[in-house]
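In: Pasting the sequence and the predicted model now:
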Amino acid sequence: MLGEIRKDVVAMFLLQKSNLTEVQLDTILASDSKGNLEFKSGLREKGKVSKGSFARTLNQGYANIESSLYTLFLLAYLDLVPAENITQFSRTTGMLSQLKSAEPTREDVLQVIEAMQEFVHGFSRKRKVIL
């Protein structure tokens, strides 16, 4: 399941920066397939795993996703993320969808990655640390 993702520069960049492991992402992708749990557990890149291991890894991956979303909600609630940043996040996800369906040049991909990095770094660099 990760074979195509490994060929995608943007997907690999995002995976490396995310709080999901490759195994968790592989399991989440496999869980999206049709079939029973035994079938899905055999779709992972490293081959068949026990149903319990598959379910545990799937739950860990979804817990990481939920945690990330709650972190964003917390930051917005505490006014640590301005509303315009959330709007920019939404625009950026739309841009990623368009990029995925197009045939971007390497330069286009690098520009998108750079824009995402600037956006993310803006969260941590906005406040100066006073010692």
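Out: In hand now; what should we look at?

In: and the strand or helix carrying Gln98, what does it pack onto?
Out: Using DSSP states H and E, the element containing Gln98 is helix 83-101. Based on contacts counted as 3 or more C-beta pairs under 8 Å, 6 or more residues apart in numbering; DSSP states H and E, the elements that helix 83-101 packs against are helix 9-17, helix 51-77, helix 106-125. For glycine as for every other residue, the C-beta is placed from the backbone atoms N, C-alpha and C.

In: and it, average pLDDT?
Out: pLDDT averaged over helix 83-101 equals 85, rounded to a whole number.

In: And it, how far out from the chain middle?
Out: Computed by C-alpha atoms, centre = their mean, to the nearest Å, the chain-centroid distance of helix 83-101 equals 13 Å.

In: next one: stretch 55-64
Out: The answer for stretch 55-64 is 14 Å, by C-alpha atoms, centre = their mean.

In: Now do the helix holding Gln98 against helix 51-77: the angle between them, please.
Out: Direction vectors for helix 83-101 and helix 51-77, defined by axes from the mean of the first three to the mean of the last three C-alpha atoms, to 10 degrees, enclose an angle of 140 degrees.

In: Going by neighbour count, which residues of helix 83-101 are buried?
Out: Buried positions in helix 83-101, judged by neighbour count with 16 or more other C-beta atoms under 10 Å: 85, 99.

In: try stretch 105-122
Out: Taking 16+ other C-beta under 10 Å as the criterion, stretch 105-122 shows 112, 116 as buried.
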